[in-house]
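Q: Quick check, what structure comes out for this input:
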Amino acid sequence: MSSQSRYTLLDRLHEIVAESHPSTRLFAVAFHKASFPNDDPVERCFEEICNRFDLFLKRLASQGDKQRGLFILDESKYSARLRSVMRTLQTAGGRYGRVHTFADVPFFADSKATRLLQVADMVCYSVYRRYERGDTRYFDRIVHRFDEEAGRIHGLRHLTGAQAACMCPALYESEVSTGLALCPHCAPHHPGTTEMNRNKTRRRIVARRAFLAGRCGCPFTCRLVTVLGGTQNPMRFGQSVAPPS
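A: Numbering: from 1, shown residues only. Down below sits the predicted model:
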């Protein structure tokens, strides 16, 4: 298969995920190893995925849709360790307490034998390209499929150092009610945040003017979401723009 054919196929597959049934939810963790030298990346990421999937199922249950979750993972040398992590989370608990919504232990299968595991691999690839290479070509197409509630993404976790200059949608708070969305590094320095405790409408206006004038007080990219009639305009959620020079 030629490079162009592979890109065309990936484009189509990401379109299918992006346009899939509204109940489709994605979960992923990007882990910066250097920020957590004492943590095992595989175990930490699996714990994060378990916790976020558990929270999703609990949220469904609170809405009257009681379901049980099941993990089907690609066969690997980590199988025994992941089963052990799951047992610990179900009995003793982890960083976020115990998980209660899973039907059974994780199951493992050959990814070559199941299409859904291949789709999961593709999602991992898009997340990898986003965080490791800065390539958002595929990630931006499916970012709206990560589990979210009230404009805040729960299904995507970026584990990185507190001082890392990251502008991904997993790390910034989306304040849809005020129309302002800034990363945690940018928000404390942004001129608009000084209006936080005064008037939210004025805060939005001041922040937007500062953004358009390029007077953001930090060196990182800002994200601004304008809320008009319940829609996010002119930028799609997950799209980033740099302050004008």
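Q: Show residues contacting the top helix by length along the chain.
A: For the chain, the helix with the greatest residue count under DSSP state H is helix 41-62. Identification of contacts with helix 41-62 by CB atoms under 8 Å, 6 or more residues apart in numbering yields 25, 27-29, 31, 33, 36, 66-69, 71, 78, 81-82, 85-86, 89, 94-96, 99-102, 147, 149, 154-155, 157, 159. Just so you know, the C-beta spots here come from the backbone N, C-alpha and C atoms, and that holds for glycine as well.
Q: and those, which of them are in helices?
A: R81, L82, V85, M86, L89.
Q: what's the farthest-apart pair in the residues you listed?
A: The most widely separated members of the ones in helices among the contacts of helix 41-62, counting by CB to CB, are R81 and L89 (12.7 Å).
Q: higher neighbour count, those two?
A: L89 (22 against 14; other CB atoms under 10 Å).
Q: In terms of secondary structure, what does the host helix or strand of D140 contact?
A: The secondary structure element spanning D140 is helix 139-142 (assigned by DSSP states H and E). Applying 3 or more CB pairs under 8 Å, 6 or more residues apart in numbering; DSSP states H and E, one finds that helix 139-142 makes contact with helix 3-18, helix 115-132.
Q: buried residues in the helix or strand just after the longest helix of the chain?
A: Toward the C-terminus, helix 41-62 is succeeded by strand 72-74 as the next helix or strand (DSSP H and E). Judged by neighbour count using 16 or more other CB atoms under 10 Å, the buried positions of strand 72-74 are L73, D74.
Q: In terms of secondary structure, what does strand 72-74 contact?
A: strand 107-109, helix 115-132.
Q: what pLDDT does V105 get?
A: Here, the pLDDT recorded for V105 equals 90.
Q: isn't there a strand covering it?
A: No: checked against DSSP: H, G, I helix; E, B strand; the rest coil, V105 lies outside a strand; its state is coil.
Q: mind checking which helix or strand of the protein has the lowest mean pLDDT?
A: Sorting the helices and strands of the chain by mean pLDDT, DSSP states H and E puts strand 227-228 at the bottom, at a mean of 28.
Q: contact partners of stretch 9-16?
A: Contacts for stretch 9-16 (CB under 8 Å, 6+ apart): M1, V119, M122, S126, Y138, R141, I142.
Q: Can I get it in CSV, CA atoms only?
A: C-alpha atoms of stretch 9-16 as CSV (Å, rounded to 0.1, in the frame of the first residue of the first chain):
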residue,chain,number,x,y,z
LEU,A,9,-7.5,5.0,4.7
LEU,A,10,-6.6,6.7,8.0
ASP,A,11,-8.6,9.8,7.0
ARG,A,12,-11.6,7.6,6.3
LEU,A,13,-11.3,5.6,9.5
HIS,A,14,-11.1,8.7,11.6
GLU,A,15,-14.2,10.1,9.9
ILE,A,16,-16.1,6.9,10.8
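Q: can you list the weak-confidence ranges in this protein?
A: Along the chain, the parts satisfying pLDDT under 70 run over 162-167, 171-245.
Q: how far away is R52 from L156?
A: Counting by CB to CB, to the nearest Å, the gap from R52 to L156 is 9 Å.
Q: what touches both of these two?
A: Common neighbours of R52 and L156 (CB under 8 Å, 6+ apart) are F27.
Q: Can you pull the domain assignment for the chain?
A: 3-157, 172-232 (automatic domain parsing).
Q: Can you tell me which of the ones you listed is most buried?
A: Among the domains of the chain, ranked by average contacts under mean count of other CB atoms under 10 Å, first place goes to domain 172-232 (a mean of 16).
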